[in-house]
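[1] Sequence and computational prediction follow.
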Amino acid sequence: MRDVIVQCTPKPYYWFIGLFLFPLASIVFTAVLVCPLLLMLGHDLRGRPLISVWLVVTAIVAAWAYLRDFRRLHYTLSPDSLAVGRGAGATTVLFAEIESIVLALPERLPWWLRLQRFNPRGRGICRNIVRARELTMLLRLTNNRYLPLNLAYTFLNNGQSFMAELLRRNQCKIVGHDTYTETEICGLASAVSNTLKTFDRNA
């Protein structure tokens with residue numbers, strides 16, 4: 001078992017939010033999808049049957065979401081590697097596989113997000129996405145793999161210290177924004193934080 005230097009997981013309040021969020025989301029899901037589908041099949045739910053269906057939907061949604069986040073939102077830094085996730089689905093990256101690190105993703109966004117700058121209601125969302133990309137470090141890995149890493153979220157414990165320690169241990173691999181190629185800029189426009197992405201950087 002590898003020694004653990006820093007471990008990053010959600011704060012307790014993150015899990016409690018779901019106790020309020022999932023029942024509300026299930027009401028919408030039940031009203032928009034489940035009830036119309038049952039009506040098409042000749043079942044008009046009212047009263048207790050409707051509440052029972054809502055409770056079942058809530059239980060299914062909550063179980064899926066909690067299990068998914070329990071496995072996904074778990075980051076471990078060891079002396080020679082980092083791991084994203086837990087269990088069989090975890091992704092382990094050895095420091096030896098890191099070719100270089102760039103602080104912040106390219107500024108270019110997908111076209112559908114760039115259009116939000118002209119939408120008064122969408123400008124705030126666009127600014128938040130740009131800010132998140134500025135806080136994301138890109139790990140260029142061997143075999144044309146990339147890991148955009150951003151743990152600077154308020155709901156995560158030790159996110160900042162995790163990233164600081166990772167940079168300290170790989171300081172010699174930090175490079176500037178001018179190393180981004182056009183292929184990388186295009187390929188990373190829609191990159192998802194903390195998820196491995198693969199594309200041919202020489203294409």
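    Received the coordinates, thanks. All values reported here derive from a predicted model rather than from experimental measurement.

[2] C-alpha only now, for contacts and for neighbours.
    Will do.

[3] just the strands in the protein please.
    Ranges of strands within the chain are 6-8, 75-78, 81-84, 91-94, 98-103, 137-141, 145-149, 174-175, 197-198, based on DSSP state E.

[4] Just give me how far the first one sits from the chain centre.
    Average the C-alpha atoms of strand 6-8, do the same for its chain, and the two points are 16 Å apart (Cα atoms, centre = their mean, to the nearest Å).

[5] quick one, helices of the protein?
    Taking DSSP state H as the criterion, the chain carries its helices at 12-29, 35-40, 48-72, 111-114, 123-134, 159-169, 182-187.

[6] Which positions in the fifth one come out as buried?
    Of the residues in helix 123-134, those buried under the neighbour-count criterion (16 or more other Cα atoms under 10 Å) are 123, 126, 130, 132-133.

[7] try the last one
    By neighbour count with 16+ other Cα under 10 Å, helix 182-187 contains the buried residues 184-185, 187.

[8] now the fourth one
    Of the residues in helix 111-114, those scored as buried under the neighbour-count criterion (16+ other Cα under 10 Å) are residue 113.

[9] Mind exporting the C-alpha coordinates of it to CSV?
    Extracted C-alpha coordinates of helix 111-114, given in CSV (Å, rounded to 0.1, in the frame of the first residue of the first chain):
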residue,chain,number,x,y,z
TRP,A,111,-18.4,27.9,-29.5
TRP,A,112,-21.7,27.3,-27.7
LEU,A,113,-20.1,28.7,-24.5
ARG,A,114,-18.6,31.7,-26.3
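
[10] residues near residue 139, how many?
    Residue 139 has 22 neighbours, counted by other Cα atoms under 10 Å.

[11] Who are the contact partners of it?
    When contacts are counted by Cα atoms under 8 Å, 6 or more residues apart in numbering, residue 139 touches 98-102, 146-149.

[12] could you flag which of the residues you listed are buried?
    98, 100-102, 146-149.

[13] will you turn the strands of the chain into JSON lines that also has distance to residue 20 and mean pLDDT?
    As requested, these are exported to JSON lines (distance: least, Cα to Cα, whole Å; pLDDT from 0 to 100):
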{"stretch": "strand 6-8", "distance to residue 20": "24", "mean pLDDT": "96"}
{"stretch": "strand 75-78", "distance to residue 20": "26", "mean pLDDT": "96"}
{"stretch": "strand 81-84", "distance to residue 20": "27", "mean pLDDT": "96"}
{"stretch": "strand 91-94", "distance to residue 20": "31", "mean pLDDT": "94"}
{"stretch": "strand 98-103", "distance to residue 20": "36", "mean pLDDT": "97"}
{"stretch": "strand 137-141", "distance to residue 20": "33", "mean pLDDT": "97"}
{"stretch": "strand 145-149", "distance to residue 20": "29", "mean pLDDT": "96"}
{"stretch": "strand 174-175", "distance to residue 20": "42", "mean pLDDT": "97"}
{"stretch": "strand 197-198", "distance to residue 20": "33", "mean pLDDT": "90"}
